[in-house]
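[1] Compute the structure for the input listed below.
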Amino acid sequence: MTRILTIEDDAVTAREIVAELSSHGLDVDWVDNGREGLVRAVSGDYDLITLDRMLPELDGLAIVTTLRTIGVSTPILMISALSDVDERVRGLRAGGDDYLTKPFASDEMAARVEVLLRRKNTVKDFDTSLRVADLELNLISREATRADQLLSLLPTEYKLLEFLMRNTGQILSRMMIFEEVWGYHFDPGPT
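    So this is what the prediction gives:
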């Protein structure tokens, strides 16, 4: 089941968020202060976070900045009464994925959550790494690791490793490897 963390100090707003998202079949946990919200966001396995900007104990902007700094990529919908363009831009630049101003329509909030969840699932479906046993290839940074140790590879070695990992379990001829990795194209000619 999809899990949502709502960090909101206003009980009326929180109940509205929880009720609306629950009616869409989502499992929603509610926290009413920033410090506990940060702890739950870091330690919990949430698919999305709704985050108020003005919270007791720790501001929403500090929470989103901290989460992004430590590598938490969970989508965050910031919800706030701070509606100036500058405030919305600050929230988005700090790491928020979307920003909704109060008061808001519940169905619009739910639609924004659905969009963020859909986007998250699309990104998750796009693999950015290859893994075979303890060997991992990061396709973005073009780095290879084995047992969490960084390997030093030349560009051609990287291409060869990527080709072999993409074709794990398949028999590859020498000609296939030469063509794919080195770009050699053989004309077998008449026999």
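[2] Identify, by residue count, the longest helix of the chain.
    Using DSSP state H, we find that the single longest helix of the chain is helix 106-125.
[3] Touching, residue 42 and residue 71? I think so.
    No: using Cβ atoms under 8 Å, residue 42 is not in contact with residue 71; the gap is 10.1 Å. Where C-beta positions appear, they are placed from N, C-alpha and C, glycine not excepted.
[4] Who has more neighbours out of these two?
    residue 42 (13 against 6; other Cβ atoms under 10 Å).
[5] hmm, back to that, strand partners (parallel or antiparallel) of the next helix or strand after the longest helix of the chain?
    Proceeding C-terminally, helix 106-125 gives way to strand 129-132 as the next helix or strand, assigned by DSSP states H and E. Partners of strand 129-132 in the sheet, by DSSP bridges, are strand 135-138 (antiparallel).
[6] Give me the contacts around the strand it pairs with.
    128-131, 143-146, 158, 161-162, 165 (Cβ atoms under 8 Å, 6 or more residues apart in numbering).
[7] ok, 6 Å please
    Residues outside strand 135-138 that contact it (Cβ atoms under 6 Å, 6 or more residues apart in numbering): 129-130, 144-146, 162, 165.
[8] Now, of the residues you listed, which are buried?
    By neighbour count, with 16 or more other Cβ atoms under 10 Å, the contacts of strand 135-138 hold 130, 144, 162, 165 as buried.
[9] May I see these organised as JSON lines, with secondary structure added?
    Shown next, in JSON lines, are the buried ones among the contacts of strand 135-138 (DSSP: H, G, I helix; E, B strand; the rest coil):
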{"residue": "130", "secondary structure": "strand"}
{"residue": "144", "secondary structure": "strand"}
{"residue": "162", "secondary structure": "helix"}
{"residue": "165", "secondary structure": "helix"}
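[10] Between these, which sits nearest residue 16?
    residue 130 (43.9 Å; Cβ to Cβ).
[11] just the strands in the protein please.
    Per DSSP state E, the chain carries strands over the ranges 3-7, 27-31, 48-52, 76-80, 98-101, 129-132, 135-138, 143-146, 149-151.
[12] show me the contacts for the most centrally placed residue in the chain.
    In the chain, the centroid-proximal residue (Cα atoms, centre = their mean) is residue 73; its distance is 4.1 Å. Contact analysis of residue 73 by Cβ under 6 Å, 6+ apart lists nothing.
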